[in-house]
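[1] coords below, sequence missing:
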């Protein structure tokens, strides 16, 4: 079968097989799912790091610097770079991802750009599946860079073991604008472009926010980087490794793995329920009758939905 041969190629470390399989998964092809079933039991070894933050923070340049530092540390690296979708083609707008291409000929690095395709939360739908592929392929570290949409980028928490939030220098108001989601998802804070004006002020704001963060077993570090010169990248690699070691020592890794397994399971169930609901609404006379009552404002949408679910024996 095609899926089995692709899975075999991935397990053998063939980049072409991985690239083809990820494409099939993006297109929701059944042979892609067949291969994923075979690969999933072979995954679970890689350290998955989410790199997120507001637009302009220099995430792509930082990821490129991280790749360099990790390769110097003899680590293999898989990168899933999620880009905004083109409104015309639906494909990825690569933007600054060309900076990573200096690593494209390195056999210890695999880089894949994926279009978000309108998926909320800054991640492509197939990002988790691509992560399984690269994990099973044997990469030590997986870097998942999100689109860059600010506070909406919280989905990466459910995909990564460690989340690095990247902030650019800026006025205090800009820091406050991302504050609500920042401390909730950050395991490591990175002040990138630390050589630019405003860096000291931004650092003070971030340090103040960390002082008021809820206490936990992990003390979130704040690191300064100048990614364009690869400065601070080795220290960031050390911080990411320290967080992984903390998870293993504290028992938190098992909790994170349960969360990572729960997310795709629930998403698949929701997709199935939503698909069945759309079919029922299109063909079922009871649903159409209830919708007509809602349209005539004879009944409110919530009561109508409860009645339809009760008749269909669905979720309540």
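    Structure's in. What do you need? This is a predicted model, so every value here is computed, not measured. Numbering: from 1, shown residues only.
[2] From now on I want contacts and neighbour counts done on CA atoms only, so please keep to that.
    Fine.
[3] OK, contacts around residue 36?
    By Cα atoms under 8 Å, 6 or more residues apart in numbering, the contact list for residue 36 reads 3, 7, 129, 132, 133.
[4] Go ahead and name everything in contact with the helix or strand hosting the third one.
    In this structure, residue 129 sits in helix 127-137 according to DSSP states H and E. Around helix 127-137, the neighbours that count as contacts under Cα under 8 Å, 6+ apart are 10-13, 18, 21-22, 25, 36, 39-40, 42-46, 78, 80, 82, 114, 142, 159, 264.
[5] Following element in sequence after the helix or strand that contains residue 23, please.
    Taking DSSP H and E as the criterion, residue 23 maps to helix 15-26. Sequence order places helix 30-39 as the next helix or strand after helix 15-26, per DSSP H and E.
[6] the inter-axis angle of that next one versus helix 15-26?
    Computed by axes from the mean of the first three to the mean of the last three Cα atoms, to 10 degrees, the angle separating helix 30-39 from helix 15-26 equals 120 degrees.
[7] Buried residues in helix 30-39, which are they?
    31, 32, 33, 34, 35, 36, 38, 39 (16 or more other Cα atoms under 10 Å).
[8] what's the average pLDDT for the helix or strand following it?
    Going down the chain from helix 30-39, the next helix or strand is strand 47-52, by DSSP H and E. On average, the pLDDT along strand 47-52 is 94.
[9] do stretch 16-34 as well
    On average, stretch 16-34 scores 92.
[10] Could you tell me which ranges of this structure sit under the pLDDT cut-off?
    Applying pLDDT under 70 to the chain flags the ranges 1-4, 84-99, 116-125, 147-154, 171-183, 214-215, 280-283, 312-316.
[11] residue boundaries of the helices in it?
    For the chain, applying DSSP state H gives helices covering 2-11, 15-26, 30-39, 59-72, 127-137, 172-185, 199-211, 233-250, 252-283, 285-295, 301-312.
[12] okay, those in JSON lines with distance to residue 222 next?
    As requested, the helices of the chain are exported to JSON lines (distance: least, Cα to Cα, whole Å):
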{"stretch": "helix 2-11", "distance to residue 222": "37"}
{"stretch": "helix 15-26", "distance to residue 222": "34"}
{"stretch": "helix 30-39", "distance to residue 222": "36"}
{"stretch": "helix 59-72", "distance to residue 222": "15"}
{"stretch": "helix 127-137", "distance to residue 222": "27"}
{"stretch": "helix 172-185", "distance to residue 222": "12"}
{"stretch": "helix 199-211", "distance to residue 222": "8"}
{"stretch": "helix 233-250", "distance to residue 222": "9"}
{"stretch": "helix 252-283", "distance to residue 222": "21"}
{"stretch": "helix 285-295", "distance to residue 222": "53"}
{"stretch": "helix 301-312", "distance to residue 222": "46"}
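[13] Ranking those by mean neighbour count, which comes first?
    helix 127-137 (a mean of 24; mean count of other Cα atoms under 10 Å).
[14] Show me how far it is from its chain's centre.
    12 Å (Cα atoms, centre = their mean, to the nearest Å).
[15] angle of that helix against helix 2-11?
    Using the same axes, to 10 degrees, the inter-axis angle of helix 127-137 relative to helix 2-11 is 60 degrees.
[16] now the angle from helix 127-137 to strand 47-52?
    Using the same axes, to 10 degrees: helix 127-137 against strand 47-52 is 150 degrees.
[17] could you check the angle helix 252-283 makes with helix 127-137?
    Going by the same axes, to 10 degrees, helix 127-137 makes 140 degrees with helix 252-283.
[18] Give the closest residue to the most centrally placed residue in the chain in space, chain neighbours not counted.
    With distances taken as Cα atoms, centre = their mean, residue 156 lies nearest the centre of the chain, 3.7 Å away. With Cα to Cα, 6 or more residues apart in numbering as the criterion, residue 156 has its nearest non-adjacent residue at 5.9 Å, and that residue is residue 50.
[19] Based on its surroundings, how many neighbours for that neighbour?
    Using other Cα atoms under 10 Å, residue 50 has 26 neighbouring residues.
[20] Beta-bridge partners for it, please?
    residue 144, residue 163 (DSSP bridges).
[21] dump the residue contacts of it.
    Residues near residue 50 by Cα under 8 Å, 6+ apart: 143, 144, 145, 146, 156, 157, 159, 160, 161, 162, 163, 164.
[22] Repeat that for residue 7.
    Under the criterion of Cα under 8 Å, 6+ apart, the contact partners of residue 7 comprise 17, 35, 36, 38, 39.
[23] for the last one, what are its contacts?
    Counting by Cα under 8 Å, 6+ apart, residue 39 touches 7, 11, 132, 133, 136.
[24] Apply 10 Å and report the result again.
    Contacts here follow Cα atoms under 10 Å, 6 or more residues apart in numbering; on that basis residue 39 touches 4, 6-8, 10-11, 33, 132-137.
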